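# kindly generate the corresponding structure for this input.
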Amino acid sequence: MKTALVTGASGGIGKAICLSLEAEGIKVCKTSTSTEDGIIADLRYDVNHLCHAVLREIGVPDIIINSAGILPKGKLDETTDEQIQDAFHVNVIAPIRIIRFFLPQMMERKSGYIINIGSSSAYEGAAAKRTIYSATKHAILGFTRALADEVWEYGIR
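Numbers count the residues shown, from 1 in each chain. This is a model prediction of the structure:
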């Protein structure tokens, strides 16, 4: 049976992804800050804990979907350091750390799928008062493209 890790599983996109994967017979390890039937983890602080909990629940996932995200609102000059750090931790750093944790085993078995949920903000900028969000989504897009080139030869898509 195929397995998947989905972050942000209690949100709209994450929840829909989980339902779709489960309908295909994939065992889904759901994570969010408030999920009722999965692993509760705050991606600002709990990435290592989350990865070890996933290993215990499903082993190394066949599919990693990073859907968690936060959207700090406000113009840049109204944004606090904490809001900036939280946005980059959840939207960029946590997905990178999760992937890095599982990547060696995925490369060894020469298969896997990694999906980082982005936003049109990465391409065209965001609406006013979403500067930091736009920056994080642009960062994860760049990371995802570079990673794809790096792991292609290992059968990871």
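
# give me the number of residues near the closest residue to residue 114 other than its chain neighbours?
In this structure, residue 114 finds its nearest non-sequential neighbour in residue 64, 4.9 Å apart by Cβ to Cβ, 6 or more residues apart in numbering. (Each C-beta comes from the backbone N, C-alpha and C, glycine too.) When neighbours are defined as other Cβ atoms under 10 Å, residue 64 has 26 of them.

# partner residues bridging residue 64?
As for beta bridges, residue 64 partners with residue 5, residue 114 under DSSP bridges.

# contacts for the lengthiest helix in the chain?
Counting by DSSP state H, the longest helix found in the chain is helix 131-151. For helix 131-151, the external contacting residues (Cβ atoms under 8 Å, 6 or more residues apart in numbering) are 66, 69, 71-72, 75-76, 79, 83-84, 87-88, 91-92, 95-96, 99, 103, 106-107, 114, 116, 118-119, 121-123, 125-126, 157.

# what's the distance between the residue nearest to residue 114 and residue 32?
Separation of residue 64 from residue 32 (Cβ to Cβ, to the nearest Å) stands at 15 Å.

# would you mind measuring from the residue of the chain most remote from its centre to residue 31?
Taking Cα atoms, centre = their mean as the measure, the residue most remote from the mean C-alpha position of the chain is residue 77, 27.4 Å away. In this structure, residue 77 and residue 31 are 34 Å apart, going by Cβ to Cβ.

# pull the contacting residues for the spatially closest residue to residue 63 that is not a sequence neighbour.
The shortest distance from residue 63 to any residue other than its chain neighbours is 3.9 Å, reached at residue 4 (Cβ to Cβ, 6+ apart). By Cβ under 8 Å, 6+ apart, residue 4 lies in contact with 21, 26, 27, 28, 29, 61, 62, 63, 64, 65.

# any idea which helix or strand in the protein has the lowest mean pLDDT?
Taking mean pLDDT, DSSP states H and E as the measure, the helix or strand of the chain with the lowest value is helix 121-124, at a mean of 63.

# how about residue 73, phi and psi?
Its backbone dihedrals place residue 73 at phi -110, psi 150, with angles given as degrees, to the nearest 10.
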